[in-house]
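*Asks:* whatever this is, show me its structure:
(one chain, ligands or ions: 1)
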Amino acid sequence: MLISVESLPLIQAPLLQSEDWLIHGFGLKDTPVERYLETLGSPKAVIPKTKQTHGSHVHLLKKVNGPWSTVHGPLQGDAFLTDQPGIVCHVRTADCVPLLLADCKNHVIGAVHAGWRGTAQKVVVAAIEKMREKWKTEPADLKAALGPAIGGHCYEVGADVAGAFEKAGLHPGEWMEEIWNDRWYLDLAFANFHLLQAAGVPKEKIYVSLACTACDLEKFASYRKEGKGTGRQESFIMIR
Ligand SMILES: [Zn+2]
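*Replies:* Just a heads-up that it's a prediction; the model follows:
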């Protein structure tokens with residue numbers, strides 16, 4: 001749902017709003033995460049530099065001594081997890097699905113970037129497996145929120161994408177609708193919703209924003225619609 005924090009618009013998931021141990025949001029286009037955190041009263045939050053690669057590599061974020069940039073270069077990956085307060089898990093998107101995770105029992109959080117490549121590589125499942133391995137997270141204790149992404153009706157893909165999904169066991173049919181010979185509509189949010197449920201996250205603990213980035217260019221940047229020079233949405237979650 002769209003809210004306004006000191007007149008700065010931000011999308012939040014009601015099921016995460018009720019968790020007072022964390023702050024989160026799906027930003028609108030061209031608004032840096034720093035600005036949201038300042039407005040939300042956390043100007044000193046640590047915001048690691050990252051480089052997304054459309055893969056399934058998961059990073060565990062820890063506090064560092066000294067400025068992040070001198071201790072680490074950008075972290076290459078598409079899923080970022082932490083159990084430490086004050087350190088921000090964040091992703092940038094412009095059509096891909098931004099996904100926020102919260103283990104409400106062990107107080108562990110994560111942010112995941114899932115485009116078609118990441119979805120076919122099941123990056124969200126890799127993130128949940130890492131949470132399970134490191135913190136014994138039970139998927140039943142997880143809440144997940146999927147932010148604005150390109151809608152199924154706006155995202156036409158070809159046989160290469162359909163083939164990658166089929167290979168991953170995400171058989172076309174439920175989140176892919178064939179429109180004509182070897183052309184498909186792909187619903188990335190639906191595919192990730194399915195992956196979350198298959199991993200054991202209860203359906204009622206998954207929020208899906210129905211906003212389509214390609215349909216609402218006032219609020220969102222869309223790579224499909226606007227091409228290479230488009231901006232980004234920044235989404236974030238942090239333990240207070
Ligand atoms: Zn659309």
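
*Asks:* what residues sit buried inside the longest helix seen in the chain?
*Replies:* Longest helix of the chain, by residue count under DSSP state H: helix 123-135. Under the neighbour-count criterion of 16 or more other CB atoms under 10 Å, helix 123-135 has 123-128, 130-132, 135 buried. The C-beta positions use only the backbone N, C-alpha and C, and glycine is treated the same way.

*Asks:* my read: residue 140 touches residue 199, true?
*Replies:* No: using CB atoms under 8 Å, residue 140 is not in contact with residue 199; the gap is 10.4 Å.

*Asks:* more crowded one of those two?
*Replies:* Higher neighbour count among residue 140 and residue 199: residue 199, with 17 against 10, using other CB atoms under 10 Å.

*Asks:* wait, the more buried one touches residue 128, no?
*Replies:* Yes: here residue 199 reaches residue 128: they are 5.1 Å apart, a contact under CB under 8 Å.

*Asks:* give the residues shared as contacts by the two.
*Replies:* Shared contacts of residue 199 and residue 128, defined by CB atoms under 8 Å, 6 or more residues apart in numbering, comprise residue 139.

*Asks:* the residue of the chain most remote from its centre and the ion: what is the separation?
*Replies:* Within the chain, the residue lying farthest from the chain centre (CA atoms, centre = their mean) is residue 181, at 31.3 Å. Going from residue 181 to the ion by CB to the ion, to the nearest Å gives 23 Å.

*Asks:* pLDDT score for that residue?
*Replies:* According to the prediction, residue 181 has pLDDT 88.

*Asks:* and it, what does it touch?
*Replies:* Per CB under 8 Å, 6+ apart, neighbours of residue 181: none.

*Asks:* look up phi and psi at it.
*Replies:* phi -50, psi 110 (degrees, to the nearest 10).

*Asks:* get me the contact residues on the chain for the ion.
*Replies:* Neighbours of the ion within the chain, by CB under 5 Å from the ion: 151, 154, 212, 214-215.

*Asks:* if we go to 8 Å?
*Replies:* Listed as neighbours of the ion in the chain under the rule CB under 8 Å from the ion: 150-151, 153-155, 212-216.

*Asks:* name the member of the residues you listed with the most neighbours.
*Replies:* Within these, neighbour counts (other CB under 10 Å) peak at residue 213, which reaches 30 neighbours.

*Asks:* count of residues packed around the spatially closest residue to that residue that is not a sequence neighbour?
*Replies:* Nearest non-adjacent residue to residue 213, counting by CB to CB, 6 or more residues apart in numbering: residue 220, 4.0 Å away. For residue 220, the count of nearby residues is 30 (other CB under 10 Å).

*Asks:* part of a strand, is residue 220?
*Replies:* No: using DSSP: H, G, I helix; E, B strand; the rest coil, the assignment for residue 220 is coil, not a strand.

*Asks:* from what I can see it touches residue 29, true?
*Replies:* Yes: assessed by CB under 8 Å, residue 220 is found in contact with residue 29 at 5.3 Å.
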